[in-house]
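> Show me the folded form of this:
(chains A, B, C and D)
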There are 2 protein chains.
Amino acid sequence: MARAATTADAFNAVAEPRRRQILDVLAGGERPVNDLVGLLGMAQPQVSKHLRVLREVGVVDVRNDGRQRVYRLNGRALKPIHDWVRAYERTWSERFDQLDVVLKELKEKEEDDGGK
Amino acid sequence: MARAATTADAFNAVAEPRRRQILDVLAGGERPVNDLVGLLGMAQPQVSKHLRVLREVGVVDVRNDGRQRVYRLNGRALKPIHDWVRAYERTWSERFDQLDVVLKELKEKEEDDGGK
DNA sequence: TTGACATATTCCTATATAGGCATATATAGT
DNA sequence: ACTATATATGCCTATATAGGAATATGTCAA
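Next comes the predicted model:
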């Protein structure tokens, strides 16, 4: 088998640095495609294709505005990533030395995350 | 071009669900390979290959113990992911709408969904 | 040494990219 | 209708998988 599709979940979608860059821009407010093209210095088709992936995993939404398509961040789709990685914060932050219960809870969340 | 290598960074390494499962087990303590094989129900070569990827991005370390190779979590390699995704937490958690700094200090004591 | 156990590596194949480029689609203005 | 603008899609190719199976490597014990 090959790798899972980039549209399989937020983890795969966000593994691509360009897509994280797009999200970082959108974090500052909604933008039409051409704004992203200009700000990121990427080719327009590539931006559109990356936006399609991000949209398929639900991390961005689109809105039509005249002949422009305005993309908007939907950060909630990133929550599974946050929930998963948060459990590991204790391994580098001393504040989390005795939060074993939290760790177990988040691991269980990861269990039923596979079917998304 | 193809997708970036899974060993390119922690984002790509962790995009694979099986590798997250491995890390979730190792979060409970170091383990030899065969333990992971048994606990996760994966084939041994696949486990070894996933561990190689995780090791190349620095998220696990190995130690020789007789004929076993004991793998140990090194969560610090996940910090870039945590740092990146953390900036988006405010988009789904109303707790971050105001009083950012204060609530950041307290948030680990709450475990309900996004507060009410 | 021989054998059993533990782990890593190699070879194979189907699949999915990401970027470059051309082109299709859609909308607005004249 | 025609044109310019804005965006999406299709086609192409090199590349990198992930899993399966077989095999290689390494280590202990008798």
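> rest of the way, CA atoms for contacts and neighbours
Noted.
> Low-confidence regions, chain A specifically.
Within chain A, the ranges that satisfy pLDDT under 70 run A:94-116.
> Show me which residues of it sit near chain B.
Within chain A, the residues that sit near chain B (Cα under 8 Å from any Cα of the partner chain) are A:3-4, A:11-12, A:14-16, A:27, A:74-76, A:78-79, A:81-82, A:85-86, A:88-89, A:91-92, A:102, A:107, A:114.
> mind listing which of the residues you listed are in helices?
Using DSSP state H, the members of the residues of chain A next to chain B that fall in helices are A:11-12, A:14, A:79, A:81-82, A:85-86, A:102, A:107.
> Which ones, among the residues of chain A next to chain B, also lie beside DNA strand D?
Near DNA strand D, judged by Cα under 7 Å from any atom of the strand, the entries from the residues of chain A next to chain B are A:3-4.
> filter the residues of chain A next to chain B to the buried ones?
Neighbour-count burial (16 or more other Cα atoms under 10 Å in any protein chain shown) is assigned, among those, to A:11-12, A:14-16, A:27, A:74-76, A:78-79, A:81-82, A:85-86, A:88-89, A:91, A:102, A:107.
> Save the ones in helices among the residues of chain A next to chain B as a markdown table, and put in distance to residue A:47 too.
Shown next, in a markdown table, are those (distance: Cα to Cα, whole Å):
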| residue | distance to residue A:47 |
| --- | --- |
| A:11 | 19 |
| A:12 | 17 |
| A:14 | 14 |
| A:79 | 23 |
| A:81 | 23 |
| A:82 | 25 |
| A:85 | 27 |
| A:86 | 30 |
| A:102 | 38 |
| A:107 | 34 |
